[in-house]
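Chemist: Any chance you could fold what I've pasted below:
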Amino acid sequence: MTSTNTTGKTALFDFDGVIADTEPIYDRYWQEAAQRYGLGIENFNQLIKGTTLPNIIENYFSTYSKEFQEMVIQESNHFDHTLPMPPVKGALAFLHLLKAKGIRTGLVTSSDDLKIKRAFELLQLDGLFDTVVTADRITQGKPDPMCYLLAAEDLHEDPAHCLVFEDSFNGIKAGRAAGMRVIGLSTTNPAEQLRPLVHEVIPHFESLTFEHYLTW
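Modeler: As a prediction, this is how the structure comes out:
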């Protein structure tokens, strides 16, 4: 692929824990759900971070009946499509800054189209992304790099020229496997655990300048 972006790296953003500060809400939901479903898996909420619902069903509920799986899907979708979406500190301002500077951006998320449509309305995201890759566009979820490679393909961008913003270990693995540089947000996992895996760790986007972005 040939890059047409001469200003700086193309920026690709995860959604939960990067744009929206929803991970604590998901933690509570899946911790309770894992107990309710009798999974008996310790730290289940941590294991599934960044993965799609179909992957969760395939990896953890394949031995359950189709009826039980459908119940899990319906309950999760209802939660997913009604949860509050407070923005990560400074995230929206940073997106506007990048767009003002001519940086191309993409949203790359394990969430489905319906949830992201709602997010665009609640957070007024229209015009802030040049491509959107959701769970509905991929067959392999994070940590597989498919989603990030698809975003680069959408933008006709060399993956090596993409900068990924991620908070989950699965998302970081996906970005790195795609051959992209990753900036880790410590909104979900401790900075000391992220630091060996990413180019740099940030707590949020507040006070970031375009010069910070260019140094990455």
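Chemist: For the rest of this, base every contact and every neighbour count on C-alpha atoms.
Modeler: Noted.
Chemist: residues contacting the most centrally placed residue in the chain?
Modeler: By CA atoms, centre = their mean, the chain has its centre lying nearest to Asp14, at 2.6 Å. When contacts are counted by CA atoms under 8 Å, 6 or more residues apart in numbering, Asp14 is found next to Leu107, Val108, Thr109, Val164, Phe165, Glu166, Asp167, Gly171.
Chemist: ditto for Leu123
Modeler: Residues in contact with Leu123 (CA under 8 Å, 6+ apart) are Met85, Pro87.
Chemist: Okay, now the unreliable bits of this protein?
Modeler: In the predicted model, the chain carries pLDDT under 70 at residues 1-8.
Chemist: Go again with 90.
Modeler: Across the chain, residues meeting the criterion (pLDDT under 90) sit at 1-9, 23, 27, 42-43, 45-46, 49-51, 80-81.
Chemist: residue with max distance from the center of it?
Modeler: The outermost residue of the chain, judged against the average C-alpha position, is Ser65 (29.5 Å), by CA atoms, centre = their mean.
Chemist: how about the strands in this protein?
Modeler: According to DSSP state E, the chain carries its strands in the segments 10-13, 105-108, 131-133, 162-166, 181-185, 200-202.
Chemist: which of the ones you listed sits most buried?
Modeler: With neighbours defined by mean count of other CA atoms under 10 Å, none of those is more surrounded on average than strand 162-166, at a mean of 28.
Chemist: Name the residues that touch it?
Modeler: With CA under 8 Å, 6+ apart as the contact definition, strand 162-166 has outside contacts at 9-14, 17-18, 152, 172, 175, 180-185, 216.
Chemist: Ok, stretch 198-216 next?
Modeler: Defining contact as CA under 8 Å, 6+ apart, one finds that stretch 198-216 is touched by 8-9, 18, 88-91, 94, 97-98, 163, 172, 181-187, 191, 194-195.
Chemist: Stretch 87-106 too?
Modeler: Judged by CA under 8 Å, 6+ apart, the contacts made with stretch 87-106 from elsewhere in the structure are 5, 7-13, 17-21, 123, 128-133, 151, 204-210.
Chemist: how does it look with 7 Å?
Modeler: Applying CA atoms under 7 Å, 6 or more residues apart in numbering, the external contacts of stretch 87-106 come out as 7-8, 10-13, 18-21, 128-132, 151, 204-206.
Chemist: Please report the distance of Ala34 from Asn77.
Modeler: Distance check for Ala34 against Asn77: by CA to CA, to the nearest Å, it reads 15 Å.
Chemist: Could you do Gly50 as well?
Modeler: Computed as CA to CA, the Gly50 to Asn77 distance reads 15 Å.
Chemist: Kindly report the same for Val132.
Modeler: In this structure, Val132 and Asn77 are 20 Å apart, going by CA to CA.
Chemist: ditto for Ile57
Modeler: Between Ile57 and Asn77 the distance, using CA to CA, works out to 13 Å.
Chemist: residues near the closest residue to Ile116 other than its chain neighbours, how many?
Modeler: Leaving aside its chain neighbours, Ile116 sits nearest to Thr134 (7.9 Å; criterion: CA to CA, 6 or more residues apart in numbering). A count of neighbours around Thr134, defined by other CA atoms under 10 Å, yields 23.
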